[in-house]
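Student: build me a model:
(chains A and B)
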Amino acid sequence: MKDMPFDQLEEVYEALARALDKAGPQNESLFLTKLVMTLAHRTGDLDAFSKALKIALRDLPEAAP
Amino acid sequence: MRPEGRGDHDSLYFTYPTFTAGPAAELTADTGVHPVVIVGAGPVGMTAALSLASQGVRSILIEKKNTFNDGSRAICIARASYQILQQIGAVEPFLTKALGWTRGRSFHRGMEILVFEMSHSESEKYLPMYNLQQQYIEQYLWEACARSDLIEMRWESEVTEVKMRGDGVGLRVASPHGSYGLEARYLLAADGARSPIRAMLKLRLHGQNFEGNYVIADVRMRHDYPTERRAFFDPPGNPGGTVLIHKQPDDIWRIDYQLKPGEAPAEALKEANLRARVGAILDDIGHAGPWDLEWWSLYTANTLCLDDYRHGPVFFIGDSAHIVPIFGVRGLNNGMADAHNLAWKLAYVLNGRADPALLDSYTPERRGATLDVFANATKSARFMTPPTRGWALARDAALSLARSQPFARQFANPRQMEPYTYAASPLTLYPLRDRPFKAGTRTGAAMSNVRLTDGGFLLDRVGKGFAALVFADKPLSPALTACLAAMQARDPQFTVLTVAMGGAKIDGALDDGDGAIARSCDARPGTVYLLRPDLHVAGRWKSADPAEITASFTACLGGRKG
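Tutor: Numbers count the residues shown, from 1 in each chain, chains lettered A, B, ... in the order given. Now for the predicted structure:
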């Protein structure tokens, strides 16, 4: 699969920020989980999903319980 | 439990018989060693006795109680179990009374998010699932047992001691007429989830207990809805929890609901609290009329089983061997399959056609089926009772997506299992012979039925022993003819079903009309299916290989050579 060019990724960044605000703090987690499942389904690529999962789990500022 | 003022057997729709123990022959005489003693006259124990009787084997069935189960626990009987009921001569009253179904619906917060159709076609004799109260299941099986000269029922009798002998077991049985010794070659423990036999042999179940408590309540009401399994996620009547609803005969409805996290089971089981919860759920489904409470009970989602279902001459069948969550509807069905799997093997060993080594295949085949149920039940349990915030978020996201996106809807399907395929069994020698087939029943799986031109069904033509389904467009080759004759010599119950293809005229062959049998089995002239007495496929060959067919048959006789 082809990587997204940076100018488009910037659009993703902005749209995501706006959507997070629209969902509101109470729905943040649910919204993001739905987003990930929808994207994973659309790409149809389990390997790409697993790699993305590992990347996103890195450098989280708060220690896990 | 039953409402205040009603006894354990005070049912709204079922009249419990009372059975008494007669004086056992052993109290006054030495009766020698019995071939098989079965402990527990529930659906699984009675299926075992009937299955043995259908193979000509005598058994004694010992039951502590004096009547049937005090409530209706298991209510869903799967197609494969109906096939077993047919084979043991008990299916007729089930067909008359039970409610068959093919469809389930799932709802999220009042919105329908999934309609699923269970696998069904015109070529099937039975529907994928039937609902019937456990008391009726036991009554109909008992009626069949009572008709058999080979089954002796001993009610009000309790096994108090089990002694392992070199070649059998010695039991001590307490009865109203006194205590007596009973010697058996084989003992089948069908004595339920809390199996006293298991405890006496100091054997333990291993596995997982899931979080979450569930209540099943049966109510009587006039409620107009087809026989479909309804699953409600996060309904207004049980916020945050799951509810399952099944229709049963006699206007009885099964309401299965999940308790809230932290909700104390003892409180939830109090009649007033239960009535409030059930009332709220009935409001959800639009039932405004009166309803009566019949019976209720608590369950938890456990996946526990024995490491080995066999302990020398003792075999564990049903809940004594494995405990599975009720929502997967595999408790009764897998228990009946255990009984049926073991019965033909015991019969073939006892009548000298098979080597006792055959009995070693019972655990791998049936424990394999249990582990398969566990894998699915674990997924269902985590969906209904997410153990952590992460699991809860993933579940909530799936349900939220399912409201608008078809791709997420399968998550809302409470998994109800197909019968297990014995692909990795020691009796299944040639699973790779499945490769050239594009359809038909896989090696190790329960054979699919086919509707015949005369309106009958293929599996009705199979007898009580092994069977070969042979496809041919001309008389069989001398090698295949010799192979079939040799198997018939080793199993007098062996059935050869020849299917004539392409309009060929072959003596004694089944007419395949428009080719339905051949299509369903993806057969060509020369194709052979070898069936076991439990109607699982022992092997199939696109082109008959007499040496491999004979080897498979020999494996199914525990390695005993012809």
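Student: CA only for contacts and neighbour counts going forward, please
Tutor: Will do.
Student: what sits closest to the residue in chain A that chain B sits nearest to if chain neighbours are left out?
Tutor: Chain B sits closest to residue A:34 of chain A, with a gap of 5.0 Å, by C-alpha to the nearest C-alpha. Closest residue in space to residue A:34, ignoring its immediate chain neighbours: residue B:397 at 5.0 Å, by C-alpha to C-alpha, 6 or more residues apart in numbering or on different chains.
Student: which residues are in contact with the helix or strand hosting residue B:112?
Tutor: Here residue B:112 is covered by strand B:111-117, with elements defined by DSSP states H and E. Residues outside strand B:111-117 that contact it (C-alpha atoms under 8 Å, 6 or more residues apart in numbering or on different chains) are B:102-107, B:402-403, B:409-410, B:412-413.
Student: interface residues of chain A facing chain B?
Tutor: A:29-31, A:33-34, A:37, A:41 (C-alpha under 8 Å from any C-alpha of the partner chain).
Student: now with 6 Å?
Tutor: Neighbours of chain B within chain A, by C-alpha under 6 Å from any C-alpha of the partner chain: A:30, A:33-34.
Student: residues in contact with the closest residue to chain A within the stretch 151-300 of chain B?
Tutor: Closest approach between the stretch 151-300 of chain B and chain A, counting by C-alpha to the nearest C-alpha: residue B:240, at 15.0 Å. Residue B:240 makes contact with residue B:234 under the criterion C-alpha atoms under 6 Å, 6 or more residues apart in numbering or on different chains.
Student: run the last query once more with 10 Å
Tutor: Applying C-alpha atoms under 10 Å, 6 or more residues apart in numbering or on different chains to residue B:240 gives the contacts B:109, B:233-234, B:258-261, B:384-385, B:396.
Student: from these, which ones fall inside strands?
Tutor: Residues of those located in strands (DSSP state E): B:233, B:258.
Student: now, the most widely separated pair of the contacts of residue B:240?
Tutor: The distance between the two most remote of those (C-alpha to C-alpha) is 18.6 Å, for B:109 and B:261.
Student: which helix runs longest in chain B?
Tutor: Looking across chain B with DSSP state H, the single longest helix is helix B:362-384.
Student: tell me the pLDDT at residue 47?
Tutor: Using chain A here. What the model reports for residue A:47 is a pLDDT of 95.
Student: please refer instead to chain B.
Tutor: In this model, residue B:47 is scored at 98, pLDDT.
Student: go ahead and confirm residue B:454 touches residue B:511.
Tutor: Yes: using C-alpha atoms under 10 Å, residue B:454 is in contact with residue B:511, at 9.0 Å.
Student: can I get the one helix or strand residue B:272 maps to in CSV, CA atoms only?
Tutor: Element membership for residue B:272, per DSSP H and E: helix B:271-284. Extracted in CSV, the C-alpha atoms of helix B:271-284 (Å, rounded to 0.1, in the frame of the first residue of the first chain):
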residue,chain,number,x,y,z
GLU,B,271,-38.7,-13.2,43.4
ALA,B,272,-39.7,-9.5,43.7
ASN,B,273,-36.4,-8.3,42.1
LEU,B,274,-36.7,-10.9,39.4
ARG,B,275,-40.3,-9.9,38.6
ALA,B,276,-39.2,-6.3,38.2
ARG,B,277,-36.4,-7.1,35.8
VAL,B,278,-38.4,-9.5,33.7
GLY,B,279,-41.3,-7.0,33.6
ALA,B,280,-39.0,-4.3,32.2
ILE,B,281,-37.7,-6.7,29.6
LEU,B,282,-41.2,-7.7,28.6
ASP,B,283,-42.1,-4.0,28.3
ASP,B,284,-39.2,-3.7,25.8
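Student: how distant is that helix from the center of its chain?
Tutor: Here helix B:271-284 is found 31 Å from its chain centre; the criterion is C-alpha atoms, centre = their mean, to the nearest Å.
Student: do stretch B:274-292 as well
Tutor: Computed by C-alpha atoms, centre = their mean, the chain-centroid distance of stretch B:274-292 equals 31 Å.
Student: what's the average pLDDT for that stretch?
Tutor: Across stretch B:274-292, the average pLDDT comes to 94.
Student: so where's chain B uncertain?
Tutor: The model of chain B has pLDDT under 70 over residues B:414-417, B:562.
Student: residue ranges of the helices in it, please?
Tutor: Using DSSP H, helices in chain B cover B:43-54, B:79-87, B:91-97, B:134-147, B:196-200, B:265-268, B:271-284, B:331-350, B:362-384, B:389-402, B:478-490, B:516-520, B:546-556.
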